[in-house]
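Asks: With the sequence up front, the predicted model follows.
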Amino acid sequence: MKNLKNEILKKKNTAFKSQSRTHYHLFPVFCAVLLLMVQSVFSQANESFSPVNNSSVINNKVAQNSADMQTLQADFVQEKHMDFLQMDIISKGKFWFRKENQLRWQYTNPYAYTIVINNGKISIDDEGRESEFNVDGNKIFEQVNNIIVTAVSGNIMDDNQYKTTVLENDNFYKIILNPKNSDVQQVIKEMQLFLGKSTLQIEQVKMIEPTDDYTLISFKNQIINEPISAGTFTLD
């Protein structure tokens with residue numbers, strides 16, 4: 001396991017030599033906060049889509065789902081695809097969220113790495129090496145914080161920081177979010193959300209980078225509106 005971990009970290013550092021290790025782990029955090037709009041287990045949705053005539057109906061239902069949700073916790077499996085690798089990198093862990101602005105994203109396998117967002121501060125534990133950042137003054141961190149607030153309010157499709165496209169087929173709605181901020185565009189090219197038509201539950205979230213590499217995250221064992229202790233959102 002130690003050799004596997006070292007090999008994964010070596011490949012990641014090579015692939016992201018122009019980005020920090022922190023920014024790499026922020027990709028799935030973006031996916032997690034998008035999940036806060038509605039909750040479900042993810043599945044793949046690879047079908048052709050056409051434009052939706054009236055997206056406001058979808059937006060209103062998403063907003064209602066978000067209003068009803070106070071806490072969310074789940075297990076996750078992250079698939080990181082990079083073209084130069086023959087196999088995707090698979091990571092696992094747990095995720096906690098509590099309104100208004102508290103989130104913990106914790107990798108447990110094959111390495112330990114935790115990101116905590118708590119009321120304007122981002123704390124990181126990289127296998128015992130702890131660091132802390134203020135959201136203000138860091139454009140990427142500000143985007144993470146802003147999207148949490150927007151997702152919780154259920155207004156992600158109205159956010160003027162993203163160009164939004166809503167498509168549909170017989171089974172799914174596909175929401176495409178393209179960031180307008182030039183700093184974010186250097187890290188994220190596009191975010192895709194797939195919602196089941198009958199339930200408006202998210203069944204897939206995909207984060208695409210400028211290189212067309214992508215991160216795909218599946219959430220399992222969701223627990224909604226159960227109490228979460230304040231200590232969950234610290235590194236202690």
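Replies: Great, that's in hand.
Asks: For K92, which non-adjacent residue is spatially closest?
Replies: N109 (4.4 Å; Cβ to Cβ, 6 or more residues apart in numbering). Quick note: C-beta positions are derived from backbone N, CA and C, even for glycine.
Asks: For burial, what's the neighbour tally of that neighbour?
Replies: Per other Cβ atoms under 10 Å, the neighbour tally for N109 reads 12.
Asks: which ones are touching it?
Replies: With contact set as Cβ atoms under 8 Å, 6 or more residues apart in numbering, N109 has these partners: S91, K92, G93.
Asks: filter the residues you listed to the buried ones?
Replies: Neighbour counting over the contacts of N109 (16 or more other Cβ atoms under 10 Å) leaves S91, G93 as the buried ones.
Asks: ok, back up a step: how much space separates the residue nearest to K92 from L72?
Replies: Distance from N109 to L72, counting by Cβ to Cβ, to the nearest Å: 21 Å.
Asks: got it, and Q86?
Replies: 35 Å.
Asks: And for E190?
Replies: Taken as Cβ to Cβ, the span from E190 to L72 is 24 Å.
Asks: which of the two has more neighbours?
Replies: Neighbours were counted for E190 and for L72 using other Cβ under 10 Å; L72 has more, 22 against 19.
Asks: Low-confidence ranges, this structure, go.
Replies: 1-47, 62, 65-66, 137-158, 199-203 (pLDDT under 70).
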